[in-house]
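Undergrad: Prediction below, plus the sequence it came from.
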Amino acid sequence: MAKMAASIVETGEDAFRKIFKLYKRRNPPPDFSDVIDFSKCVTTDKIVPVKLDPAAVSDGDAAKVGLRPVKDWKAFNLQGYPGFIFITNPFLRGSQLFWVRQCLKIYPQKPNVCNLDMHMSPIDTQDIWDKSVPNLSPSVGKREPRTLLERLRWVTLGYHYNWTSKTYSANHCTPFPTELHLLSYQIATACGFPGFIAQAGILNYYKSDSSLGIHVDESELDHSRPLLSFSFGQSAIFLLGGTHRQDTPTAMYMHSGDLMVMSGQSRLFYHAVPRIVPTHRKVEALETDRCGWHSGWQGGAVVEQVSEEDWAVCARYIHSSRINMTVRQVLGEGQSFPETPPLPGHPEVRQEDDEDRMKRRRKSDSFNIKNT
Ligand code: OGA
Ligand code: MN
């Protein structure tokens, strides 16, 4: 063990970092043939289909949050990653864009916190959507971002993650969006975690050249609760490692609508997003899903019909961008914040042209991954 640690120090490179750099590389581009694609439904000895309990969530409760009946979900475990569950797009046709609209139009609003608040006044970061929509370029992300929406990098919900202290705190908390709690609650229940309480959310907004550094999500005080991750828009490569940086990570695609549940041992495994992978076919199919609005979304539904104007903006945004929502329960039942919080870490999405980039350079190498 001591020998291995010494060799990392000497070379400045561990197994995870090596694979991260490989998949991030532009020139020449890497070989993607080892990247697992759960949507292709091939089962190897590493990919293990898992049957979730279809009775845990009623079809009606699933439909209310925009999800298909649990019996129709395709869920997988990965050999060697206990507690990790990958669910390929379980959303009903037309419902993904509702969640995309929440991420672009609703969740950046006050009292939630976003990256623009770090250097702009609350008045200037009000109505990000309304201020941006008239000036959005035809292809978002293809040139220097002009609008606030194009400069949006992250939003925090509930207990607001503090990127400097790497902690949550009792005194920086705003109400967690009810509909996102309900979505998360149903998914957690279906995965065997009844009673999940969504208390914190980190939304990441990726452009085609963004990446997310190697990290473990350990700032939450109770790690027995799962971490839920939602992907929308462009695809990405996700790397899942182990408890040590020396553990070689497994690469997998995350496509629009895919869910990941990190629980058990995997809850504290290293992971990263080295690369966004353009996938126009899947996203175009999504854009035309409006006709798929479900008649089943009647009384009590939290997923509402998105107006044609909003739909057009969201469709345009995800044509070149990716949105990731992670939902976390911070505290266990009856738990409260200690006097002195621990010191773990979560990196920000890095942007080549992000004006904040230089200001927020991180000390740890996992935060110092640059775009090419
Ligand atoms: C995170 C995270 C992964 C992703 O926000 O903690 O790991 O897919 N996100 O963007
Ligand atoms: Mn994470």
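TA: Arrived safely, thanks for sending. Numbering: from 1, shown residues only. Ligands and ions are numbered 1, 2, ... in the order given.

Undergrad: can I assume residue 76 sits in a strand?
TA: Yes: counting by DSSP: H, G, I helix; E, B strand; the rest coil, residue 76 is located in a strand.

Undergrad: quick one: pLDDT of it?
TA: If you check residue 76, the pLDDT there is 97.

Undergrad: One more: residue 6?
TA: 59.

Undergrad: Report the contact partners of residue 131.
TA: Residues counted as contacts of residue 131 (C-beta atoms under 8 Å, 6 or more residues apart in numbering) are 147-148. Where you see a C-beta, it was placed from the backbone N, CA and C, and this is true even at glycine.

Undergrad: how about a cut-off of 10 Å?
TA: 124-125, 147-149 (C-beta atoms under 10 Å, 6 or more residues apart in numbering).

Undergrad: Surely it is within a helix?
TA: Yes: assigned with three-state DSSP, residue 131 falls within a helix.

Undergrad: what's the distance between it and ligand 1?
TA: Distance of residue 131 to ligand 1, given as C-beta to the nearest ligand atom, to the nearest Å: 26 Å.

Undergrad: Could you list the contact residues of the chain toward ligand 1?
TA: Taking C-beta under 6 Å from any ligand atom as the measure of proximity, the chain contacts ligand 1 at 202, 204, 212, 217, 229, 231, 238, 254, 271, 273, 324, 326, 346.

Undergrad: The first one should be in a helix, yeah?
TA: So that's residue 202. No: counting by three-state DSSP, residue 202 is located in no helix; its state is strand.

Undergrad: Can you show me the strands along the stretch 51-200 of the chain?
TA: With DSSP state E, counting those that start in this stretch, the ranges of strands along the stretch 51-200 of the chain come out as 74-78, 84-88, 113-114, 154-158, 200-206.

Undergrad: now whichever residue of the chain sits closest to ligand 1, nearest residue through space, not along the chain?
TA: Nearest residue of the chain to ligand 1: residue 324, at 3.2 Å (C-beta to the nearest ligand atom). Distances taken as C-beta to C-beta, 6 or more residues apart in numbering put residue 204 closest to residue 324, at 4.5 Å, once the chain neighbours are dropped.

Undergrad: Also residue 99?
TA: Spatial nearest neighbour of residue 99, chain neighbours left out: residue 232 (6.4 Å); criterion: C-beta to C-beta, 6+ apart.

Undergrad: same question, residue 227
TA: Among residues not flanking residue 227 along the chain, residue 262 sits closest, at 4.4 Å (C-beta to C-beta, 6+ apart).

Undergrad: Need phi/psi at that neighbour.
TA: Reported as degrees, to the nearest 10, the phi and psi values for residue 262 are phi -110, psi 110.

Undergrad: which stretches of the chain have low pLDDT?
TA: Across the chain, the ranges flagged by pLDDT under 70 are 1-12, 138-143, 291-299, 340-344, 351-372.

Undergrad: Pull out the buried positions in the lengthiest helix in the chain.
TA: Longest helix of the chain, by residue count under DSSP state H: helix 178-190. Neighbour-count burial for helix 178-190, with 16 or more other C-beta atoms under 10 Å as criterion, is recorded at 179-190.

Undergrad: now, which of the contacts of residue 131 lie within helices?
TA: The helices, defined by DSSP H, take in 148-149 from the contacts of residue 131.
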